[in-house]
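Participant: please work out how this folds:
(chains A and B)
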Protein chains: 2
Amino acid sequence: MTSSFNIKDKGTENLYAPVDYFLALPSKKIRPKLCVATAKSIDRHLKIESSVFENTLELFHNFTLMHDDIMDGADLRRGAQTVHKKYTTAQAILSGDILLIQAYQSLSKLEDSKQLSLALKWFNYTATLVCEGQQLDMDFEQKKQVLTQDYLHMITLKTGVLLGLSMVFGGMCTLAYTEDLQALFDLGTRMGLYFQVQDDYLDLYGESHKTGKTIGGDILCSKKTLLYLKALDNTSNKEDLIALYHSNSDQKVERVKDVFNTLNVQASILKDMTTKKQEIIDQIHSTTLFKDKDPLLAFFQNVSNRQG
Amino acid sequence: MTSSFNIKDKGTENLYAPVDYFLALPSKKIRPKLCVATAKSIDRHLKIESSVFENTLELFHNFTLMHDDIMDGADLRRGAQTVHKKYTTAQAILSGDILLIQAYQSLSKLEDSKQLSLALKWFNYTATLVCEGQQLDMDFEQKKQVLTQDYLHMITLKTGVLLGLSMVFGGMCTLAYTEDLQALFDLGTRMGLYFQVQDDYLDLYGESHKTGKTIGGDILCSKKTLLYLKALDNTSNKEDLIALYHSNSDQKVERVKDVFNTLNVQASILKDMTTKKQEIIDQIHSTTLFKDKDPLLAFFQNVSNRQG
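Facilitator: Okay, the predicted model is just below:
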């Protein structure tokens, strides 16, 4: 198609400025890094350049953040104003839409159309699950009680599967077989779940100057994280904990933390995390597809050792 | 990929109910109809089934409506409550996102991966232009004055190009050549522009029981339509018209209509429309690609003769 309409030529600053603003904020680029680490662990010589996949993953991730921040009414993201705060809600909706379209646009640059068709199916599948996860997250906000297993299901969808897709895309760079892609998706999804549990943990037990967030932010906004659900599972006094957690009392974070300490929440989560971490490392070691374990192990160790 | 996460299995009613609600509202299905009419005018025997394209067009169109209605703060759509009114803004954002993903998902069902790659490029291109058009539309809301040519550019992007894509997709059903696709895009875009001008016209000069809308709705919300811009072009008393148009005066619609009558706006727009309509019909006749003019002419006559 010719550019008879001169895209980005006139008067569309208000659409692209929020996109440029958001993409310029610091990002850990975990998904592109996982894509590349996966590819390199499978085959040192990539058959398809990874950049198309990396861009798709990062653009899609940014799309979800921009829209989630509107839905969650969040003021800050990556230490800066969220898009709907800095600009308007309408702009955040439309600029998010453009980011999603750009994610597809990046993918459509794949030269081999058979690979494109395959990548597109995985991308659509994952994108759908991510939206379902976000809806479940919003639903849980409204519920008095949430089961731990339902919470884990929700974060698997909202956060986990996009890491699964990152590994699938990494596999595609090496033209991995279809059955291997499914295994990569499952392993990446488990990593994503691990990282989200780690996020929940660091929100309370991390250090503010490393996480860049207020310590106990999740408690302040009564978010039903794994820490809270585990505390509920362990307490004999559910009603008091529910009341405290949903209150606006003075020193709420300290008071909730005291309850968590009594219930051994920190040690219990840490134990779970250590087990899950070892399982993931073991799986990397036992997967014959990974000829060189180092890139993937280095990636996982790097992200899972972070303090913020 | 296996459905290890059982899409749509549990707890996602709040995501899919708004989608189902919106898709069940009556739609004229102009875009799918144009796609099919184009294909049939080129070749009675389609090489690719049109349903994939039809669904993509309708899903994308519905995505734009759902998000535009949030941005515009609209209460009614197709005679029923808009999604963000019936449900929540968060749900309307997320359900709109799912519709956009479903539009891509429909397209990805194309079996021939070369065709998929081509269709995807056209779709991404068009989707980007549509978002740019929506941004310009919002920008114009904030401006005191808008030039007629800028308004026509805006509705070309916001409304026109999707009709262009409908014709491109129709051409693809017959495996039309690449250079023909560009010509189809341009013709469809002109049709879309015509239909939007007709919408502007019918908003004031149509009949309420046929349009299903309040007569003069655009005037009531001070929308800078082609009627208004033409009146501004023709009047020697711009300031008074601007003040009246942006007021909340009693009988505003009647008073603006009186000014329009004095300035011959109706006749002038009708004359333009007649010329444009004939140009489009002439072009259908002169395009050798269309072996049978009837399906396309019937479609265009049908839509352009509507009173609502």
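Participant: from now on I want contacts and neighbour counts done on CA atoms only, so please keep to that.
Facilitator: Fine.
Participant: ranking helices and strands of chain A by mean pLDDT, which lands last?
Facilitator: Scoring the helices and strands of chain A by mean pLDDT, DSSP states H and E places helix A:208-211 at the bottom, with a mean of 72.
Participant: got the CA coordinates for that helix in PDB?
Facilitator: Extracted in PDB, the C-alpha atoms of helix A:208-211 (Å, rounded to 0.1, in the frame of the first residue of the first chain):
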ATOM      1  CA  SER A 208      12.200   0.500  48.800                       C
ATOM      2  CA  HIS A 209      15.300   1.900  47.100                       C
ATOM      3  CA  LYS A 210      15.600  -1.300  45.100                       C
ATOM      4  CA  THR A 211      12.000  -1.900  44.200                       C
END
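Participant: measure A:Pro295 to A:Lys86 for me?
Facilitator: Distance of A:Pro295 to A:Lys86, given as C-alpha to C-alpha, to the nearest Å: 38 Å.
Participant: quick one, which of the two is more surrounded?
Facilitator: Between A:Pro295 and A:Lys86, A:Pro295 has the larger neighbour count (other C-alpha atoms under 10 Å in any protein chain shown), namely 18 against 15.
Participant: what's the residue nearest the centre of chain A in contact with, if anything?
Facilitator: Closest residue to the average C-alpha location of chain A: A:Thr159 at 3.8 Å, with C-alpha atoms, centre = their mean. For A:Thr159, the contacting residues are A:Val130, A:Gly133, A:Gly192, A:Leu193, A:Gln196, by C-alpha atoms under 8 Å, 6 or more residues apart in numbering or on different chains.
Participant: what do you get if the cut-off is 10 Å, keeping everything else the same?
Facilitator: Neighbouring residues of A:Thr159 by C-alpha atoms under 10 Å, 6 or more residues apart in numbering or on different chains: A:61, A:129-130, A:133-134, A:189-196.
Participant: now swap in A:Thr56 and tell me
Facilitator: A:31-32, A:62, A:99-108, A:123, A:166, A:169.
Participant: now A:Asp203: how far from chain B?
Facilitator: Noted for A:Asp203: a distance of 25 Å to chain B, by C-alpha to the nearest C-alpha, to the nearest Å.
Participant: just checking, that residue touches A:Gly217?
Facilitator: Yes. A:Asp203 is within contact range of A:Gly217, at 6.6 Å (criterion: C-alpha atoms under 10 Å).
Participant: looking at the two, which is more packed in?
Facilitator: Legend: neighbour count by other C-alpha under 10 Å for A:Asp203 and A:Gly217, higher for A:Asp203 (24 against 14).
Participant: and that one, that's in a strand?
Facilitator: No. Applying DSSP: H, G, I helix; E, B strand; the rest coil, one finds A:Asp203 to be helix, outside a strand.
Participant: and the pLDDT for it?
Facilitator: pLDDT, A:Asp203: 92.
Participant: cool, and the one 10 residues further on?
Facilitator: In the predicted model, A:Lys213 carries a pLDDT score of 72.
Participant: next up, the contacts around it.
Facilitator: Listed by C-alpha under 10 Å, 6+ apart, the contact set of A:Lys213 reads A:Leu76, A:Arg77, A:Arg78, A:Gly79, A:Leu202, A:Asp203, A:Leu204, A:Gly206, A:Glu207, A:Gly308.
Participant: of those - the most surrounded one?
Facilitator: A:Asp203 (24 neighbours).
Participant: can you show me the strands along chain A?
Facilitator: Per DSSP state E, chain A carries strands over the ranges A:76-77, A:80-81.
Participant: so what strands line up beside the first one?
Facilitator: Each strand that strand A:76-77 pairs with, and the sense of that pairing, follows from DSSP bridges: strand A:80-81 (antiparallel).
Participant: so what's the residue of the stretch 201-308 of chain A found nearest chain B up against?
Facilitator: The nearest approach of the stretch 201-308 of chain A to chain B comes at A:Lys224, 16.8 Å away (C-alpha to the nearest C-alpha). By C-alpha under 10 Å, 6+ apart, the contact set of A:Lys224 is A:137, A:140-141, A:143-148, A:151, A:200, A:218, A:230, A:245-246.
Participant: can you check A:Ala74 too?
Facilitator: Going by C-alpha under 10 Å, 6+ apart, the list of residues near A:Ala74 reads A:Met66, A:Asp68, A:Gln81, A:Thr82, A:Val83, A:His84, A:Lys85.
Participant: could you rerun that using 6 Å?
Facilitator: Residues near A:Ala74 by C-alpha atoms under 6 Å, 6 or more residues apart in numbering or on different chains: none.
Participant: next, the buried residues of stretch A:296-306.
Facilitator: Going by neighbour count (16 or more other C-alpha atoms under 10 Å in any protein chain shown), the buried part of stretch A:296-306 is A:Leu296, A:Leu297, A:Phe299, A:Phe300, A:Val303, A:Ser304.
Participant: what residues does the stretch 1-150 of chain A put near chain B?
Facilitator: By C-alpha under 6 Å from any C-alpha of the partner chain, the residues of the stretch 1-150 of chain A that approach chain B are A:Met71, A:Ala90, A:Gln105, A:Ser113, A:Lys114, A:Ser117, A:Asn124.
Participant: neighbour-wise, which of the residues you listed leads?
Facilitator: Using other C-alpha under 10 Å as the neighbour test, those are led by A:Ser117, with 24 neighbours.
Participant: which non-adjacent residue is nearest that one?
Facilitator: Leaving aside its chain neighbours, A:Ser117 sits nearest to B:Ser113 (5.9 Å; criterion: C-alpha to C-alpha, 6 or more residues apart in numbering or on different chains).
Participant: and the one you found, what pLDDT?
Facilitator: On the pLDDT scale, B:Ser113 is placed at 95.
Participant: surely it is in contact with A:Ser113?
Facilitator: Yes. Using C-alpha atoms under 6 Å, B:Ser113 is in contact with A:Ser113, at 5.2 Å.
Participant: low pLDDT regions in the stretch 101-250 of chain A?
Facilitator: A:211-212 (pLDDT under 70).
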